[in-house]
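> Only the shape, not the letters, is given here:
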DNA sequence: AATAAACTGCACTGCATAGTTTACTTGGTG
DNA sequence: CACCAAGTAAACTATGCAGTGCAGTTTATT
């Protein structure tokens, strides 16, 4: 019902986008020529340029998609009645699962690659992003307000949690030093992160 | 006395190395042409190639220097008598100071840049490096053996510490999202890292 | 001064890539 | 069916870079 007719043009466009994601992730942005890209998309190079004015425009489009997708992740809300540890674990497992989605890693690698030598542009993008790193933060604030965590700086505290998680499963994947952790490992990571956090901050 | 006569050749070589460090860090490895490099070193391009067989050889040489330098950092030893928190803080401050050395960051950025699309080569280099991430680890093992920390997996525990530290002051610098933290901030980071760690693990 | 080793400048090869032009084909809609 | 927006292939421009060859110059050593 909702999906009626992808135009021929739209099909081509999507093919370009898919091929770009795949190629950029596999060979890097620099390492992928527009000829290679067109070949992968099974599309004439001219068609690529009909859809995207330049390689840079393509990259920026993909990165835009990434941010958008990344910022619509929902978290669980704080629940006054139930066990803190269990709640936090559930929340962290969600965040970990998001991070471990191969798509997420691949696009982040691409963005990373692109922005590594453009710190100014990166900083600007991060501004937009900043508003939304708040899943864990909201939970922490709520728990503090409820008197079940010691008074703390929510920015720092949620930063600590994110550092613990990212150090274990984001950066290693980013550098392709390891693949995504198994569900078991994901749970273990959530458990020990919640553990160390609550040891310090629980009221 | 110890330094007598740097040959003309050695002077040139050093100029090349210095220029390479600077240029690679400023423009990226890819972004630096051998012509640009030679110009910066005030040396003929031919001379560059007389000292280094290829661009890649130059990069690998610089990275080798980096690992070497990074792995000769010493830590403080565990001291049975004195306060755990104070000891750990001192140790962490040292690590933080090492990480915040601009030279260290710059070379890491270069290595990063180079290895980002060579995960296999990176894994190999990491093998060598692995043996030496042990400053904190040794301390933890000693403290556990002394019965002043709960039983724990030293690998995981030291990993947690490093993740907390790196997340705050390594990665942001790596991405040039922030400059090196002030000494005050460095101390604060060491304090709160030691704090959260000991809350969980102190016997 | 003679000699060898290192440095220099510069032209040149070879290759890869971003982006454009052109002349031609195709597929869907009225 | 006739039309046209969109796609296509391939050649083409323009640029940039790694690495080489070579003829001549500088430096240090004997």
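Received the coordinates, thanks. In this text, all values refer to a predicted model and were calculated from it rather than measured experimentally. Numbering: from 1, shown residues only, chains lettered A, B, ... in the order given.
> count of neighbours near residue A:21?
Number of residues near residue A:21 (other CB atoms under 10 Å in any protein chain shown) recorded here: 17. All C-beta spots, glycine's among them, are computed from the backbone N, C-alpha and C.
> Would it be right to say that residue A:178 lies in a helix?
No. Under DSSP: H, G, I helix; E, B strand; the rest coil, residue A:178 sits outside any helix and is assigned coil.
> burial count for it?
By other CB under 10 Å, 13 other residues sit near residue A:178.
> doesn't residue A:171 make contact with it?
No. In this structure, residue A:178 is not within contact of residue A:171 by CB atoms under 8 Å, at 9.8 Å.
> can you tell if the helix or strand hosting residue A:164 touches chain B?
Secondary-structure element containing residue A:164, defined by DSSP states H and E: helix A:154-165. Yes. Counting by CB under 8 Å from any CB of the partner chain, chain B is contacted by helix A:154-165 at A:156, A:159-160, A:162-164.
> the inter-axis angle of that helix versus helix B:154-165?
If you take axes from the mean of the first three to the mean of the last three CA atoms, to 10 degrees, helix A:154-165 sits at 140 degrees to helix B:154-165.
> Show me what helix A:154-165 is packed up against.
Counting by 3 or more CB pairs under 8 Å, 6 or more residues apart in numbering or on different chains; DSSP states H and E, the packing neighbours recorded for helix A:154-165 are helix A:84-100, helix A:135-145, helix A:183-201, helix B:154-165, helix B:183-201.
> again, only this time at 7 Å
Applying 3 or more CB pairs under 7 Å, 6 or more residues apart in numbering or on different chains; DSSP states H and E, we find helix A:154-165 packed against helix A:84-100, helix A:135-145, helix A:183-201, helix B:154-165.
> Could you pull out the buried residues of the very next helix or strand once past that helix?
Going down the chain from helix A:154-165, the next helix or strand is helix A:171-174, by DSSP H and E. Of all the residues in helix A:171-174, those buried under the rule 16 or more other CB atoms under 10 Å in any protein chain shown are A:171, A:173-174.
> Equivalent analysis for stretch A:120-133, please.
Going by neighbour count (16+ other CB under 10 Å), the buried part of stretch A:120-133 is A:122, A:125.
> and that stretch, average pLDDT?
Stretch A:120-133 shows a mean pLDDT of 79 in the predicted model.
> what's around residue A:161, how many residues?
For residue A:161, the neighbour count with other CB under 10 Å is 23.
> which ones are touching it?
A:136, A:193, A:197 (CB atoms under 7 Å, 6 or more residues apart in numbering or on different chains).
> which of those residues are buried?
For the contacts of residue A:161, buried by 16+ other CB under 10 Å: A:136, A:193, A:197.
> isn't the second one right next to residue A:91, touching?
In this case it means residue A:193. No. Applying CB atoms under 7 Å as the test, residue A:193 and residue A:91 come out as separate, 10.3 Å apart.
> How about residue A:201: what's its closest non-neighbour residue?
Nearest non-adjacent residue to residue A:201, counting by CB to CB, 6 or more residues apart in numbering or on different chains: residue A:149, 4.9 Å away.
> Is that neighbour in contact with residue A:198, as I believe?
No. Residue A:149 lies out of contact with residue A:198 (CB under 7 Å); the separation is 8.2 Å.
> Which one of those two is surrounded by more residues?
Taking neighbours as other CB under 10 Å, residue A:149 and residue A:198 compare with residue A:149 leading, 22 against 19.
> Next up, the contacts around that one.
Residues near residue A:149 by CB under 7 Å, 6+ apart: A:140, A:143, A:201-203.
> So what pairs up with it in the strands?
For residue A:149, the beta-bridge partners are residue A:202 (DSSP bridges).
> Go through the helix holding residue A:164 and flag the buried ones.
So helix A:154-165, judged by 16+ other CB under 10 Å, has buried residues A:154, A:157-165.
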